[in-house]
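Enquirer: Dropping a prediction and its sequence here:
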Amino acid sequence: MAGSSHGHTPAAWTGVTIAFIGFCVAGAFMVLANPVGFWAGMGVVVLGGIVGWIMKIMGLGMPKEAGKPHFEKRGEPAGAKS
């Protein structure tokens, strides 16, 4: 997967960073037993997904290649006879 550049785009980095901050906020408020702060943090997590999606639509994400399947065949399974 390292050679596929999966997720190495501004849209992915921005969305994940915002979601991570929201996760940290929600976790802190969970420890502090503050449900309003927890749900505010969860809202920030959702916001991160929305921002990443909008940035992808704007062209800052990974472009889709036409006609290419979402998976690649690696070859025959071990033990298969030709």
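Expert: Received, thanks.
Enquirer: so where do the helices sit in the chain?
Expert: Residue ranges of the helices in the chain, as given by DSSP state H, are 10-31, 35-55.
Enquirer: Out of these, which is closest to Lys64?
Expert: Across the helices of the chain, Lys64 has its closest neighbour in helix 10-31 (13.0 Å, Cβ to Cβ). Any C-beta I mention is one placed from the backbone N, CA and C, and that applies to glycine too.
Enquirer: what angle separates that closest one from helix 35-55?
Expert: With axes from the mean of the first three to the mean of the last three Cα atoms, to 10 degrees applied, the angle from helix 10-31 to helix 35-55 works out at 170 degrees.
Enquirer: what's next to helix 10-31, contact-wise?
Expert: 7, 35-49, 51-53, 55-56, 58, 60-62 (Cβ atoms under 8 Å, 6 or more residues apart in numbering).
Enquirer: What of stretch 34-53?
Expert: For stretch 34-53, contacts defined as Cβ under 8 Å, 6+ apart pick out 11-12, 14-30, 61.
Enquirer: burial of Leu32, as a residue count?
Expert: Per other Cβ atoms under 10 Å, the neighbour tally for Leu32 reads 10.
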